[in-house]
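Asker: give me the fold of what follows.
(one chain, ligands or ions: 1)
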Amino acid sequence: MTAPIAVALDAPDLETAARWATLVTPHVSTVKVGLELYLRYGPDVVASVRGASGVQVFLDLKLHDIPATVRGAARAVARLKPTYLTVHAAGGPAMIRAAVEAVPAARIAAVTVLTSLGEADLAALGIEGPAPDAVRRLAALAVDAGAQALVCSPREVAAVRAEVGPDVTLITPGVRPAGADTQDQARVATPEEALSAGADLLVIGRPITGAPDPGAAAAAMAAALRRV
Ligand SMILES: O=c1ccn([C@@H]2O[C@H](COP(=O)(O)O)[C@@H](O)[C@H]2O)c(=O)[nH]1
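Answerer: Below is the predicted model of the structure:
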């Protein structure tokens, strides 16, 4: 049984991404293709990282535009059969609904407040905080619009779960093992804390892909989660 981890394959080239995917897929349920890889290599990247393993692919394109444009963009990637496709919740209900209608086979995951943003960033952006309140507001809006999954930080998972109930998949980036460098993430917690708080899928990138042996790092994190 693989761990509920989506490894963020934020690699500079396709060979590296495919190698990471091969190393981690025995241990994790999902690999995540983000903007860097998709914009550099296009749709073919999905087949390259999926390989023959049947691992779930999380297409993290964070669509954010008017509803008609997002509908078209979502339709364009439907044939890649992603398990998850992200949109920004801040695009609003009509935009989220357009994505949900365009790709019925995927779970549309609405990104609430990016995990790189802290309270001062929210204030500078004119978003009414604190972060857990902003996340809950956007989570409720997105689920009302049909989103089947939400992206938030591990720190907000329990509050979001209370808001949206058990059927919505809660996905948390901003995951760092105890003592690890937080890098550009602002709202973080450990893998064990994220899982205990009720996250369904933990997005973990650099703590795995930056390790000398990404396969061993993924195996160690999967083992740690099994102990929770
Ligand atoms: O709020 C968000 C939404 C998406 N991400 C993505 O998750 C990974 C995190 O990678 P790390 O190396 O573990 O920091 C990355 O691909 C982001 O684009 C996020 O971090 N926060």
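Asker: quick one, what contacts the residue of the chain found nearest the ligand?
Answerer: Proximity of the chain to the ligand (Cβ to the nearest ligand atom) peaks at Gly205, 2.6 Å away. For glycine as for every other residue, the C-beta is placed from the backbone atoms N, C-alpha and C. Counting by Cβ atoms under 8 Å, 6 or more residues apart in numbering, Gly205 touches 7-10, 32, 173.
Asker: how about Thr172?
Answerer: 115, 151-154, 157, 189, 194, 199, 201-203.
Asker: separation between it and Ser116?
Answerer: Distance from Thr172 to Ser116, counting by Cβ to Cβ, to the nearest Å: 13 Å.
Asker: Asp144 too?
Answerer: Distance from Asp144 to Ser116, by Cβ to Cβ: 26 Å.
Asker: tell me which of the two has more neighbours.
Answerer: Ser116 (16 against 12; other Cβ atoms under 10 Å).
Asker: around the ligand, pick out the residues from the protein.
Answerer: For the chain, the contact set with the ligand under Cβ under 6 Å from any ligand atom comprises 8, 10, 34, 60, 111, 114-115, 151, 173-174, 183, 185, 203-206.
Asker: which of these fall in helices?
Answerer: Under the assignment DSSP state H, the residues of the chain next to the ligand contribute Arg206 to helices.
Asker: among the residues of the chain next to the ligand, who's most crowded?
Answerer: Within the residues of the chain next to the ligand, neighbour counts (other Cβ under 10 Å) peak at Val151, which reaches 33 neighbours.
Asker: surely that residue and Ile171 touch.
Answerer: Yes: Val151 sits in contact with Ile171 when judged by Cβ atoms under 8 Å, with a separation of 4.8 Å.
Asker: shared neighbours, those two?
Answerer: Counting by Cβ under 8 Å, 6+ apart, the residues touching both Val151 and Ile171 are 109, 203.
Asker: between the contacts of Thr172, which sits nearest Gly91?
Answerer: Proximity of the contacts of Thr172 to Gly91 (Cβ to Cβ) peaks at Val151, which lies at 13.3 Å.
Asker: so which residues of this protein form strands?
Answerer: 3-8, 28-33, 56-63, 84-88, 107-111, 149-151, 169-172, 201-204 (DSSP state E).
Asker: please work out which of those is packed deepest.
Answerer: Mean neighbour count (mean count of other Cβ atoms under 10 Å) peaks for strand 149-151 among these, with a mean of 29.
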